[in-house]
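Curious how this folds, go ahead:
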Amino acid sequence: MTGTAVPWSDGSWTTAPADAREDGDGLLVAAVEGSDAWRTTAYGFVHDTEHALLAPLEPGTAMEVTFTGDFSAEFDQAGMFVRVDDENWTKAGVEFADGALQLGAVVTHRFSDWSVAPVPDWAGRPITVRVSRAGDAIVVRARAGEEPFRLVRIAHLAPEAAATAGPMVCAPSRAGLTVRFASWTTGPADASIH
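So this is what the prediction gives:
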């Protein structure tokens, strides 16, 4: 996306990570063991300890992050987080689950859901997640390297909602996950869904 870089200092953490420091133009984020975001469905628990660095996501705009990481322990994850409040949010990106890197999203309106698809060939490559907000929806796309973007999810977001978004990291099952975000940008929303 040809957009405007969002300074790392413009964001506010939902939950502070173990460490976050600038690395050239990028940001290195080390997750706390047990960090995650989920509400109730199937598992019966509420986790709201994700490390998400958030700035306003206005209607008619898009936000994008590019990152790399060693996703190798169960549920290691990184990507984008879009938040309205404790019960209305979306996280999208990659997650190591069931022995493989997966591309997916969790959309939460009081209760979380989860959809994933395996992308083992994305391991070790730069991954970009893009969220575009228009009308009553957010459109999530992702890619590895310079491949074409894939549609990940279309989810409801009320047009009048005040939403924030930005890079996200969680490590539910281990300490030591560090993700390097190479960029965080914003620009106009995508012109079309497909």
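
Got phi/psi on the residue of the chain most remote from its centre?
Distance from the centre of the chain peaks at residue 44, with 22.6 Å (C-alpha atoms, centre = their mean). Residue 44 adopts backbone torsions of phi 80, psi 10, taken as degrees, to the nearest 10.

who does residue 165 bridge with?
Residue 165 has these beta-bridge partners by DSSP bridges: residue 55, residue 82.

so where does residue 47 fall, helix or strand?
Assessed by DSSP states H and E, residue 47 sits inside strand 46-48.

any low-confidence regions in this structure?
1-2 (pLDDT under 70).

so where does the residue nearest the centre of it fall, helix or strand?
When C-alpha atoms, centre = their mean is applied to the chain, the residue found nearest the centroid is residue 80 (1.8 Å). Per DSSP H and E: residue 80 is located in strand 77-85.

May I have that strand exported as PDB, CA atoms only?
Extracted in PDB, the C-alpha atoms of strand 77-85 (Å, rounded to 0.1, in the frame of the first residue of the first chain):
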ATOM      1  CA  GLN A  77       0.400 -15.500  16.400                       C
ATOM      2  CA  ALA A  78       0.900 -12.100  14.900                       C
ATOM      3  CA  GLY A  79      -1.000  -9.700  12.600                       C
ATOM      4  CA  MET A  80      -3.500  -6.900  12.900                       C
ATOM      5  CA  PHE A  81      -6.000  -6.200  15.700                       C
ATOM      6  CA  VAL A  82      -9.100  -4.100  15.200                       C
ATOM      7  CA  ARG A  83     -10.900  -3.000  18.400                       C
ATOM      8  CA  VAL A  84     -14.100  -1.300  19.200                       C
ATOM      9  CA  ASP A  85     -14.400  -2.500  22.800                       C
END
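
So what angle separates the directions of the helix or strand following it and strand 77-85?
Counting by DSSP H and E, the element after strand 77-85 in chain order, helix or strand, is strand 88-97. Angle, strand 88-97 to strand 77-85, by axes from the mean of the first three to the mean of the last three C-alpha atoms, to 10 degrees: 170 degrees.

Just checking the distance from strand 88-97 to the centre of its chain.
Relative to the centre of its chain, strand 88-97 is centred 6 Å away, using C-alpha atoms, centre = their mean, to the nearest Å.

quick one: strands adjacent to it?
Strand 88-97 has its sheet partners listed here by DSSP bridges as strand 77-85 (antiparallel), strand 100-109 (antiparallel).

Sounds good, over and out.
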